[in-house]
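In: Got a sequence here, can you build the structure:
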Amino acid sequence: MAFGNYIRKLREEKQLLLREVASQMNIDTALLSKIERSTRIARKEQVEDLAKALGVSENELLQLWMADKIVNMIKDESNSTEILNKVQEEIKNLKN
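Out: Residues are numbered from 1 along each chain as shown. Model prediction:
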C-alpha cells in the first residue's frame, strides 16, 4: 500500500479530520491532502510528525515512506528487481 493511502486509512480509522491532523503537524490542510493522494512526497520531519499525530510507530511509517520513495524512483525501470538486488548488496557491504 502506498504511503499516502496508508496515512489516509489510519486517519480515517481514528476518525480524525484532515484539518485536525494537519494542525497537529503545523502544516496546511492542502499539503496533507496532497501527501495522502501521493501527489506530494512528505519530508522526513513530516513523517515523524504524522506518526505522533496518528499515534503510530514512527519506525513503521518511516519504513513505508522510504519504500514508497524507492518505488517511485525505480518503478519505470525495466530492471527494477536487479536494481534492488544491487542496492541490497551495497547495503550489506556498507555494514561489513
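In: For K34, see how far away the residue nearest the centre of the chain is.
Out: In the chain, the residue lying closest to the centroid (Cα atoms, centre = their mean) is W65, at 2.4 Å. Separation of W65 from K34 (Cβ to Cβ, to the nearest Å): 15 Å. Every C-beta, even on glycine, is put in place using the N, C-alpha and C of the backbone.
In: cool, and V21?
Out: Distance from V21 to K34, by Cβ to Cβ: 13 Å.
In: who has more neighbours, the two?
Out: Each of V21 and K34 has its neighbours counted (other Cβ atoms under 10 Å); V21 has more, 21 against 15.
In: my read: the more buried one touches A51, true?
Out: No. Contact status for V21 versus A51: not in contact, 11.2 Å apart, counting by Cβ atoms under 8 Å.
In: what pLDDT does E58 get?
Out: Model confidence at E58, given as pLDDT, is 96.
In: Could you pull up the contacting residues of L18?
Out: R11, T29, L32, S33, E36 (Cβ atoms under 8 Å, 6 or more residues apart in numbering).
In: Need the residues touching each of V21 and K34.
Out: In contact with both V21 and K34: no residue, using Cβ under 8 Å, 6+ apart.
In: Between its first and last residues, what's the separation in stretch 45-65?
Out: Criterion Cα to Cα, to the nearest Å; first-to-last residue distance in stretch 45-65 is 11 Å.
In: and for it, what are the contacting residues?
Out: Counting by Cβ under 8 Å, 6+ apart, 1, 3, 6-7, 10-11, 14, 16, 21, 24-27, 35, 42, 44 sit against stretch 45-65.
In: and these, which of them are in helices?
Out: Per DSSP state H, helices hold the following members of those: F3, Y6, I7, L10, R11, V21, Q24, M25, I35, K44.
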